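[1] kindly generate the corresponding structure for this input.
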Amino acid sequence: MCVDFNLIIKNVLFMKKSIFTLLILLLSAVGVFSQRVDNKDYKNQKDVSVVYFIREITPENVLKLYNALNAEKTGRIGVKLHFGEKGNKNFLNPELTRPLMKETKATWVETNVLYVGERRYTDKHLALAAQHGFTFAPIDILDSEGEIDIPTDGMGLKHYRNVKLGKHFMDYDRYIIYTHFKGHGSAGFGGAIKNLAMGFASPGGKMAQHATDFPQINSPEKCVGCSNCVNNCPAAALTLEGGISIDTTKCIGCAKCIAECPLKLFSPKQVELKGSTFMERLVEYAYVAWKTKPMVFINVLANISASCDCSSRAPEPFCGDIGILASNDIVAIDQASFDLVAEQHKCEDPFLKESGKSGLSQLDYAAKLGMGNRKYVLIEIK
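    Predicted coordinates:
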């Protein structure tokens with residue numbers, strides 16, 4: 001009898017790999033990779049936050065979760081959400097917020113986007129919001145009258161000495177951060193942290209997060225010399241002498257030229273950010289907003305695709321609807337949202353798998369800045 005030892009070794013290795021893969025899936029499914037703490041033990045542990053959860057996604061349950069947070073309801077309240085890009089099919093139904101808006105007498109708030117599209121200009125942004133059903137509460141596009149610079153002195157940040165937010169940001173006493181939790185090509189996933197970072201930033205602030213602090217000129221030979229960009233540049237950084245050019249020593253990165261050029265010759269400068277730089281920039285912008293105004297957080301886990309609501313052609317959801325989460329802790333709610341998606345999708349990092357980018361460094365850096373805890377207890381409300 002002839003024994004093929006190579007074949008035996010190959011089969012053993014295959015079995016080991018299969019068993020290991022199965023073990024990973026099983027451990028992931030029961031939450032071993034999550035930061036969730038047992039409900040019975042959390043009161044005896046430090047640095048554990050509470051996240052409330054309801055499986056059924058209804059307008060009434062959105063309000064129920066908000067009330068579970070015992071949030072202060074006085075003063076002027078803004079509900080930060082996303083109206084959905086034109087052509088997007090995954091943005092959240094505005095009807096989910098109807099009872100919440102009625103009880104809090106709040107205003108929907110958002111900012112204009114950096115790229116040229118329906119949501120780049122306030123009038124078109126408002127028109128698109130109305131087309132998508134956001135008609136039963138007031139809307140404030142926070143940068144419709146410009147931006148404000150908030151200094152970051154003493155905050156211990158790595159990337160910014162100031163951040164650029166929509167000018168109306170300071171007009172509100174408190175915020176409800178209402179977030180559609182889903183994938184994102186650059187951030188891995190878009191949760192409450194990203195909703196703050198990009199959602200409150202002016203176009204100049206968005207550019208500061210995504211790329212350099214100044215734009216690039218595409219096909220400058222096509223410039224017709226209309227002077228729109230020059231006349232609207234608040235830093236006098238543009239000149240038409242010898243052809244359109246930018247003095248980057250003067251440019252403040254406000255992105256006004258991107259908006260004002262009728263030929264769309266300006267765009268954010270495309271640079272490759274090393275390592276977790278983009279994630280850190282994202283978190284630092286969120287940190288300043290979070291530090292400046294009182295906030296509570298609601299994440300809706302529905303229509304979870306690999307792409308965000310800014311995409312006009314976002315792909316179909318890759319897993320089923322999961323429920324609604326609410327917390328006073330921005331880190332804990334994003335961690336819990338991630339863990340629930342991972343459990344349903346049965347993999348350690350569903351967004352790395354589906355969008356090619358892991359967003360977990362967001363949570364790590366936010367926790368290091370003291371924004372919240374990655375450990376949490378999930379309390380399900382029936």
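[2] before we move on, what SS does E343 have?
    Per DSSP: H, G, I helix; E, B strand; the rest coil, the local secondary structure of E343 is helix.
[3] again but with M170, I slipped
    Look at M170: counting by three-state DSSP, its state is helix.
[4] same question, the one 5 residues further on
    Here Y175 takes the strand state, with states given by three-state DSSP.
[5] isn't there a strand covering S311?
    No. Checked against three-state DSSP, S311 lies outside a strand; its state is coil.
[6] now do the contacts for it.
    With contact taken as C-beta atoms under 8 Å, 6 or more residues apart in numbering, S311 is in contact with 85, 88. C-beta here means a position set from N, CA and C on the backbone, and glycine is covered the same way.
[7] by mean pLDDT, point me to the weakest helix or strand of this structure.
    Between all helices and strands in the chain, the lowest mean by mean pLDDT, DSSP states H and E belongs to helix 5-29, at a mean of 44.
[8] ranges for the strands of the stretch 101-250 of the chain?
    Along the stretch 101-250 of the chain, the segments classed as strands by DSSP state E, counting those that start in this stretch run 107-110, 139-141, 147-151, 162-166, 174-180, 182-184, 188-190, 215-217, 238-239, 245-246.
[9] for I148, list each beta-bridge partner.
    L165 (DSSP bridges).
[10] count the residues that sit near it.
    17 (other C-beta atoms under 10 Å).
[11] quickly note the distance from it to I322.
    36 Å (C-beta to C-beta, to the nearest Å).
[12] of all the strands of the stretch 101-250 of the chain, which one is nearest N39?
    Of all the strands of the stretch 101-250 of the chain, strand 174-180 sits nearest to N39, with 24.2 Å by C-beta to C-beta.
[13] packing partners of that closest one?
    Using 3 or more C-beta pairs under 8 Å, 6 or more residues apart in numbering; DSSP states H and E, the elements in contact with strand 174-180 are strand 77-80, helix 98-104, helix 192-200, strand 295-301.
[14] in the sheet, which strands lie alongside it, parallel or antiparallel?
    Strand 174-180 sits in its sheet next to strand 77-80 (parallel), strand 295-301 (parallel), going by DSSP bridges.
[15] for M170, find the nearest of those.
    With C-beta to C-beta, the closest approach to M170 among the strands paired with strand 174-180 belongs to strand 77-80: 10.8 Å.
[16] how far off centre is that closest one?
    Distance of strand 77-80 from its chain centroid, counting by C-alpha atoms, centre = their mean, to the nearest Å, is 16 Å.
[17] what of stretch 313-323?
    With C-alpha atoms, centre = their mean, you get 16 Å for stretch 313-323.
[18] state the mean pLDDT of it.
    Averaging pLDDT along stretch 313-323 yields 92.
[19] tell me the buried residues in stretch 365-382?
    Neighbour-count burial for stretch 365-382 flags 365-367, 369, 371-378 (criterion: 16 or more other C-beta atoms under 10 Å).
[20] in strands, which of the residues you listed fall?
    Judged by DSSP state E, strands contain the following of the buried residues of stretch 365-382: 376-378.
[21] dump the residues you listed to JSON lines, plus pLDDT and distance to N162.
    Listed next are these as JSON lines, based on pLDDT from 0 to 100; distance: C-beta to C-beta, whole Å:
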{"residue": "Y376", "pLDDT": "97", "distance to N162": "32"}
{"residue": "V377", "pLDDT": "96", "distance to N162": "37"}
{"residue": "L378", "pLDDT": "97", "distance to N162": "37"}
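[22] list the contacts for S144?
    S144 touches 112, 122, 166-168, counting by C-beta under 8 Å, 6+ apart.
[23] if we go to 7 Å?
    S144 is in contact with T122, counting by C-beta atoms under 7 Å, 6 or more residues apart in numbering.
[24] hmm, back to that, out of the strands paired with strand 174-180, nearest to L240?
    strand 77-80 (39.0 Å).
[25] low-confidence ranges in the stretch 201-350 of the chain?
    211-213, 234, 252-255, 259, 268-275 (pLDDT under 70).
[26] can you rerun that using 80?
    Flagging of the stretch 201-350 of the chain using pLDDT under 80 yields the residue ranges 210-214, 234-235, 249-256, 258-260, 268-275, 313-314.
[27] quick check: Q45 touching V37?
    Yes. The criterion here is C-beta atoms under 7 Å, and Q45 meets it with V37 at 6.2 Å.
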